[in-house]
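Asks: Dropping the sequence and predicted coords here.
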Amino acid sequence: MPLIYRFFCRFLAGLLTLFLVGCATIPEGQVRSKADPWEALNRNVYVFNDNLDDYIVRPLTKVYEFAVPEIVRSRFSNVFANVGDVFTAVQQLLQGKPKTALDDLIRVFVNTTIGLGGIFDVATDAGLEKHKEDFGQTFGVWGIPSGPYVVLPILGPSSLRDAFGWVADLNTDILINQIDNVPVRNIVSGVRIVDQRLKYLNASGLLAGVAFDQYSFVRDAYLQRRRFLIYDGEPPLIDDYDAQNNRMQYPGEEKRMR
Amino acid sequence: MFSLSVLKSSALKSSVISPCGRLLIAFVLSFSHFLWPNVQAQTQITTPAQVIDATPDGLIQAIVNDVMTIVKTDKEIQAGNINRVIALVDQKIMPFANLQRTTQLAMGRNWSKATPDQQNQIAAEFKLLLIRTYAGALTQIKDQTVQYRPFKAVLEDTDVVVRTQVLNKGEPIQIDYRLEKTPNGWRVYDINVLGAWLIEAYRNQFNNQISQNGIDGLIKFLQERNRQLSKAK
């Protein structure tokens, strides 16, 4: 077993270096986005992540989808989501939304008791809406601007603020910090990753069709979505599109971010 | 069964009920789910689009209900017949959409650099691209339901947003529609899925293509992309 493990690690390391050799440049004549000063580096990491997904993460996800029946997979999803609700409730409090925090705790309570430890998401069926908050959003609510766009290796699209948020997320993650048995923790983390990836399995093909240039499309969609999440789904609208040309600035943004 | 679902929607939303009360209600309702799993689906109303399209939220509700009903019952669509979906989109959604305006806004000031002929060509190709790529998403509709969020607008408004939520397993998916009033009634010109508005998402895409290859290059690019997409199906 350890030998196979070691071999696998070496194989993985070899593959990873191979991907890094590939080099991406900013397409000539492209308009640079103000939100993305590190575009040249980001594009390289984007290609790396894309390859990692093509050769490792997506195939593993497909194996998981094939090998584990839906009824079992959704139980896993629900348990992860239930644990996530505890974390979200804490974030709601940090964002000054005690009422929503209470709603999320009720979800946890209902799902943990009636939902048998979270394997059934009865709270959603009862009309208790699920939320998802993370430290990046909380920092945003506190007024910290998103900063330059960053593509993180393995993790994907992010921003300077959200990268710090992600470190905080990881350090407070219940499933990582409360499981002391290393193999169990690794398996749980692995299943969690493919469970997440499975939700967007069909999105890869869609992206190739809709985007003129995938890198910038993902970037702009990410930045838009994060802003939307920070405003809990109701960011100020752009009133005059023509006056907005080429600017990543929004009405009301200054007021909120100050 | 019906009264229960009414209690559910009204009681949980009002703030009058104390947290303890809400907890109790949630508890009871969770049990009720085991007994009547389809409470939500049965209270859905379906109305043809022509009847209540006078208000923007009425129009969106009518279109969404119409399309959802057809998609859920049409076996060929469920099996993934894309041409059938495209026909449905053309028939039920396109009459109430203004993609010319969508394209114009996404292109920004580049729009005026194109001749009317080029503008029509770009809008037509862009429309085809959107239909071809997003049609697949419609075949994924199985047991989802759509919830309409409170609509706030005054009578004089000519530009409004209708917010909806698609409920499925886990986190709800927010889908918003932006409409403008035209002499022929309300028309959808922008759509927001998971927080990204279509026009905003395509702004840099158009701008980059044009600055790299010009207006003609953009048209060629779109034609080529559509050719690939139709071949892939």
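Replies: On my side now, so go ahead.
Asks: how about the nearest residue to the residue of the stretch 101-250 of chain A found nearest chain B, chain neighbours excluded?
Replies: Using CB to the nearest CB, the single residue of the stretch 101-250 of chain A nearest to chain B is A:Phe228, 3.1 Å away. Just so you know, the C-beta spots here come from the backbone N, C-alpha and C atoms, and that holds for glycine as well. With CB to CB, 6 or more residues apart in numbering or on different chains as the criterion, A:Phe228 has its nearest non-adjacent residue at 3.1 Å, and that residue is B:Gly195.
Asks: so is B:Gln147 in a helix, a strand, or just coil?
Replies: Following DSSP: H, G, I helix; E, B strand; the rest coil, B:Gln147 is assigned to strand.
Asks: hey, what's it bridged with?
Replies: Going by DSSP bridges, B:Gln147 is paired in beta bridges with B:Gln165.
Asks: What about A:Leu102, how many residues nearby?
Replies: 16 (other CB atoms under 10 Å in any protein chain shown).
Asks: err, A:Val182, not the other one
Replies: 8.
Asks: where does it land on pLDDT?
Replies: A:Val182 is assigned a pLDDT of 89 by the prediction.
Asks: Which part of chain B gets nearest to chain A, residue-wise?
Replies: B:Gly195 (3.1 Å).
Asks: what sits against that residue?
Replies: A:Gln224, A:Arg225, A:Arg226, A:Arg227, A:Phe228, A:Leu229, A:Gly233, B:Gln174 (CB atoms under 8 Å, 6 or more residues apart in numbering or on different chains).
Asks: what's the helix or strand for the third one?
Replies: Under DSSP states H and E, the secondary-structure element containing A:Arg226 is helix A:214-230.
Asks: hmm, who's touching that helix?
Replies: Outside helix A:214-230, the residues that reach it (CB under 8 Å, 6+ apart) are A:24, A:30, A:33, A:35-36, A:42-43, A:46, A:133, A:136-137, A:140-141, A:146, A:149, A:157-159, A:162, A:207-208, A:210-211, A:235, A:248, A:250, B:192, B:194-197, B:200-201, B:203-205, B:208.
Asks: Kindly report the same for stretch B:225-233.
Replies: Contacts of stretch B:225-233 with the rest of the structure, by CB under 8 Å, 6+ apart, involve A:Gly209, A:Phe212, B:Ile82, B:Asn83, B:Glu125, B:Leu128, B:Leu129, B:Arg132, B:Thr133.
Asks: what's the farthest-apart pair in those?
Replies: Comparing every pair within the contacts of stretch B:225-233 by CB to CB identifies A:Phe212 and B:Asn83 as the most remote, at 24.6 Å.
Asks: Determine which member of those two has the greater number of neighbouring residues.
Replies: The residue with more neighbours, out of A:Phe212 and B:Asn83, is A:Phe212; 19 against 11, by other CB under 10 Å.
Asks: Nearest spatial neighbour of the more buried one, chain-adjacent residues omitted?
Replies: Distances taken as CB to CB, 6+ apart put B:Gln205 closest to A:Phe212, at 4.2 Å, once the chain neighbours are dropped.
Asks: For the nearest residue to A:Ile144 once chain neighbours are set aside, give me its contacts.
Replies: Leaving aside its sequence neighbours, A:Ile144 sits nearest to A:Arg161 (CB to CB, 6+ apart; 5.3 Å). Listed by CB under 8 Å, 6+ apart, the contact set of A:Arg161 reads A:Gly136, A:Phe139, A:Gly140, A:Ile144, A:Pro145, A:Ser146, A:Gly147.
Asks: backbone phi and psi for A:Arg161, please?
Replies: phi -60, psi -50 (degrees, to the nearest 10).
Asks: That one and A:Gly96: what is the separation?
Replies: Applying CB to CB, to the nearest Å, the value for A:Arg161 to A:Gly96 is 18 Å.
Asks: hang on, B:Asn192 is in a strand, isn't it?
Replies: Yes. Looking at B:Asn192 with three-state DSSP, it is inside a strand.
Asks: I'd assumed B:Asp176 was in contact with it.
Replies: Yes. If you go by CB atoms under 8 Å, B:Asn192 and B:Asp176 touch, sitting 4.0 Å apart.
Asks: quick one, which of these two is more surrounded?
Replies: Using other CB under 10 Å, the more surrounded residue of B:Asn192 and B:Asp176 is B:Asn192, with 25 against 21.
Asks: Can I get the host helix or strand of B:Thr103 as PDB, trimmed to CA atoms?
Replies: If you go by DSSP H and E, B:Thr103 is part of helix B:99-107. The C-alpha coordinates for helix B:99-107 follow below in PDB (Å, rounded to 0.1, in the frame of the first residue of the first chain):
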ATOM      1  CA  LEU B  99     -32.000  40.300 -28.200                       C
ATOM      2  CA  GLN B 100     -31.200  43.200 -30.500                       C
ATOM      3  CA  ARG B 101     -31.100  45.400 -27.500                       C
ATOM      4  CA  THR B 102     -29.100  42.800 -25.500                       C
ATOM      5  CA  THR B 103     -26.500  42.700 -28.300                       C
ATOM      6  CA  GLN B 104     -26.400  46.500 -28.600                       C
ATOM      7  CA  LEU B 105     -25.800  47.000 -24.800                       C
ATOM      8  CA  ALA B 106     -23.200  44.200 -24.700                       C
ATOM      9  CA  MET B 107     -21.300  45.800 -27.600                       C
END
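Asks: Helix or strand: which one has B:Thr69?
Replies: Using DSSP H and E, B:Thr69 sits in helix B:56-73.
Asks: Show me what that helix is packed up against.
Replies: On a contact count with 3 or more CB pairs under 8 Å, 6 or more residues apart in numbering or on different chains; DSSP states H and E, helix B:56-73 meets helix B:75-78, helix B:82-88, strand B:145-148, strand B:159-167, strand B:173-182, strand B:185-193.
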